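**Student:** Provide a 3D model corresponding to the input given below.
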Amino acid sequence: MRMRLVPFTRIVPRLRRIVRQVSDELGKKVDLKLVNIDGEMDRSVMEQMLAPLEHMIRNAIDHGMESGADRLAAGKPEIGTISVGMVREGGDILLQLSDDGRGLNTEAIRQRAIERELIPADNNLDDQDIIQFIFEAGFSTAEAVSQVSGRGVGMDVVNSQVRELGGTIQTLSQPGEGTQFSIRLPFTVSVNRALMIEMEGELYALPLSTVDGVVRISPAELEHYYRQPDARLEYAGEFYEVRYLGSLLKEGAAPRIDTSQQSVFLVLVHSENRHYAVQVDGLAGSAEIVSKSLGAPFSKVPGLSGATLMGDGRVVVILDLLGLLRAQVVARAGVEVHDSKQEREQSGAVRVMVVDDSVTVRKVTGRFLEREGYEVLTARDGVEAMQLLQDNRPDVMLLDIEMPRMDGFEVAKRVKGSQRLNGIPIIMITSRTGEKHRQRAFGLGVERYMGKPYQEDELLAAIGEMTETTETAQ
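**Tutor:** Take a look at the predicted model:
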């Protein structure tokens, strides 16, 4: 890692040359001010950020800086200033590029967004939300293409490049005072820390640099925030708008609140002027990941920073939560809430827990049972199954024997030995079909014992028989 680092001053002569050339071409007087540039950056990060930095400097001089006469008339110094600075913050690097020009024309951005049908004409978005549209693909307020600031690189490409590196970009602009871009990048692209989250049975990664924290609240409190669009979650002196990650990933998805659970996880993030608490299904700890680009086909998809390869071979998508939230900034805050417990009671769906260390068995069995109208919970091993049983009570358990951390016999022993759980019927499905294993399972209280591969009709009949027996007993 030490060999990958190069001094930031290496690119300073090139930035000075860009400022000098562009200001001479446009007849403007501009100085480049460098702040705290003695630090070091990952070589690949610096190389990939050079073109975006050059484009942003061209933009600042061409669109942001006023002419000398206009600056004097506005009470500013005749010579404009562009500042470039670098700050090391823990495992991140913060690049800041600012100018003291006229600032972004938010009204022009709003009108162009309306023309492109990105927002309705009667929108009430504030200026800070409107500014985010400059990162949309092909978005420009210029009437004609400029040879100075065009060059085939738009702010959408700058944003895509930053996201591919696992970073974020924030913009602040004051009319008549200037604009500031803050680009937060990982110190090195070789290894980054990420929070692993679970959503709809899939695993996603969130760069830890973008996460403010994680909170747990009760389902009843969460339902209040969803049903009252103006309600805000207060945490550490800030007020957070509550959103559901499923609806950000899939249009039309509504949060399902299971009132039988004790608590729900919310991931806290913030942009320049808004704070969000995003509901996720679960947390899978933190991990060190290597971020890889998804390539050109996915570069314009909002909310994707890249992907990483896990130790077991799974490809996990790295999400840009703020990008997802920006993409839905015009969506209404209130959402339709589905109560999972109430829906189950109304539909009468039987809940089946599938416990197997084989991802193929879990997916094939889960989809087969869902097609038959069952509600399915899955667990990778005995430890995960016992964790799920703390907040969920299935009507039937399908249990494998050979699993890491805790095998099927241990799970059956704990379930049948628990006063709260011993009424759950267990169907053991395993490749161990010997009489010794069969007798041990029945000795622990297991109701049915089936060999792999199972017959679907036989499994459905066994589940039906188990649930009917349970209902009769109740």
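
**Student:** And the strands in the stretch 1-150 of the chain?
**Tutor:** 5-7, 30-35, 40-42, 80-89, 92-99 (DSSP state E, counting those that start in this stretch).

**Student:** Let me have the ones you listed in a markdown table, adding mean neighbour count, distance to V317 and mean pLDDT as columns.
**Tutor:** For every residue, glycine as well, the C-beta is placed using N, CA and C. Below are these laid out as a markdown table (neighbours: other CB atoms under 10 Å; distance: least, CB to CB, whole Å; pLDDT from 0 to 100):
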| stretch | mean neighbour count | distance to V317 | mean pLDDT |
| --- | --- | --- | --- |
| strand 5-7 | 15 | 29 | 84 |
| strand 30-35 | 15 | 36 | 90 |
| strand 40-42 | 21 | 23 | 82 |
| strand 80-89 | 18 | 26 | 87 |
| strand 92-99 | 21 | 21 | 87 |
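
**Student:** which residues sit in contact with the closest residue in space to A236 that isn't next to it in sequence?
**Tutor:** With CB to CB, 6 or more residues apart in numbering as the criterion, A236 has its nearest non-adjacent residue at 7.7 Å, and that residue is G213. G213 makes contact with 235-236, 268, according to CB atoms under 8 Å, 6 or more residues apart in numbering.

**Student:** can you list the weak-confidence ranges in the stretch 351-474 of the chain?
**Tutor:** Applying pLDDT under 70 to the stretch 351-474 of the chain picks out residues 469-474.

**Student:** is T179 in a bridge, and if so with what?
**Tutor:** Residues in a beta bridge with T179, per DSSP bridges, are D99, S173.

**Student:** buried set for stretch 411-423?
**Tutor:** 411-416, 421 (16 or more other CB atoms under 10 Å).

**Student:** Columns distance to Y244 on top of the strands of the stretch 1-150 of the chain, output as a markdown table?
**Tutor:** Formatted as a markdown table, the strands of the stretch 1-150 of the chain follow (distance: least, CB to CB, whole Å):
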| stretch | distance to Y244 |
| --- | --- |
| strand 5-7 | 41 |
| strand 30-35 | 41 |
| strand 40-42 | 35 |
| strand 80-89 | 30 |
| strand 92-99 | 28 |
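
**Student:** domains of the chain?
**Tutor:** Using automatic domain parsing, the domain ranges for the chain come out as 5-186, 192-327, 349-473.

**Student:** and the last one, how far from the chain's centre?
**Tutor:** A distance of 33 Å separates the centroid of the chain from that of domain 349-473, by CA atoms, centre = their mean, to the nearest Å.

**Student:** do the first one as well
**Tutor:** Averaging C-alpha positions (CA atoms, centre = their mean) puts domain 5-186 25 Å from its chain's average.

**Student:** what's the span of that domain, first residue to last?
**Tutor:** 13 Å (CA to CA, to the nearest Å).

**Student:** What's the local residue count around V350?
**Tutor:** 21 (other CB atoms under 10 Å).

**Student:** So, low pLDDT: which residues of the stretch 201-350 of the chain?
**Tutor:** 252, 272, 295-296, 299-300, 327-348.

**Student:** quick one: the strands in it?
**Tutor:** Using DSSP E, counting those that start in this stretch, the strands of the stretch 201-350 of the chain run over 202-207, 213-217, 233-235, 238-244, 256-257, 264-270, 275-280, 282-289, 304-309, 315-319, 338-339.

**Student:** Would you mind getting the angle between the fourth one and strand 264-270?
**Tutor:** Here strand 238-244 runs at 120 degrees with respect to strand 264-270, directions being taken by axes from the mean of the first three to the mean of the last three CA atoms, to 10 degrees.

**Student:** Adjacent strands (with direction) for strand 238-244?
**Tutor:** Note on strand 238-244: by DSSP bridges, its sheet partners are strand 233-235 (antiparallel), strand 275-280 (parallel).

**Student:** Report the buried residues of it.
**Tutor:** 240-244.

**Student:** Contact partners for A385?
**Tutor:** 353, 355, 379, 397, 399, 406, 411.

**Student:** Of these, which is the most crowded?
**Tutor:** When neighbours are counted by other CB under 10 Å, V355 leads the contacts of A385 with 29 neighbours.

**Student:** Touching, that residue and V396? I think so.
**Tutor:** No. With contact defined as CB atoms under 8 Å, V355 does not count as touching V396 (11.2 Å).

**Student:** Is the residue nearest to A236 bridged to anything, and to what?
**Tutor:** In this entry, G213 is beta-bridged to L268, by DSSP bridges.

**Student:** returning to what we had before: M49 is nearest to which of the strands of the stretch 201-350 of the chain?
**Tutor:** Taking CB to CB, strand 304-309 is the member of these nearest to M49, at 15.1 Å.

**Student:** Dump the closest one to CSV, keeping only the CA atoms.
**Tutor:** Output of strand 304-309 as CSV, limited to C-alpha atoms (Å, rounded to 0.1, in the frame of the first residue of the first chain):
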residue,chain,number,x,y,z
LEU,A,304,-24.8,1.6,-8.1
SER,A,305,-21.2,2.2,-7.0
GLY,A,306,-19.8,-1.1,-8.2
ALA,A,307,-19.6,-4.6,-7.0
THR,A,308,-17.4,-6.9,-5.0
LEU,A,309,-16.7,-10.6,-4.9
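
**Student:** Run the chain-centre distance for that strand.
**Tutor:** 10 Å.

**Student:** Which elements pack onto it?
**Tutor:** For strand 304-309, the elements it packs on are helix 155-164, strand 315-319, judged by 3 or more CB pairs under 8 Å, 6 or more residues apart in numbering; DSSP states H and E.

**Student:** Which stretch among the ones you listed is buried most, on average?
**Tutor:** Among the helices and strands packed on strand 304-309, the stretch with the highest mean neighbour count (mean count of other CB atoms under 10 Å) is helix 155-164, at a mean of 21.

**Student:** Show me what that one is packed up against.
**Tutor:** helix 43-59, strand 168-174, strand 304-309.

**Student:** and it, average pLDDT?
**Tutor:** If you average the pLDDT over helix 155-164, you get 79.

**Student:** Which ones among the buried residues of stretch 411-423 lie within helices?
**Tutor:** 411-416 (DSSP state H).

**Student:** May I see those organised as CSV, with distance to K292 added?
**Tutor:** Listed next are these as CSV, based on distance: CB to CB, whole Å:
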residue, distance to K292
V411, 37
A412, 41
K413, 43
R414, 40
V415, 41
K416, 46
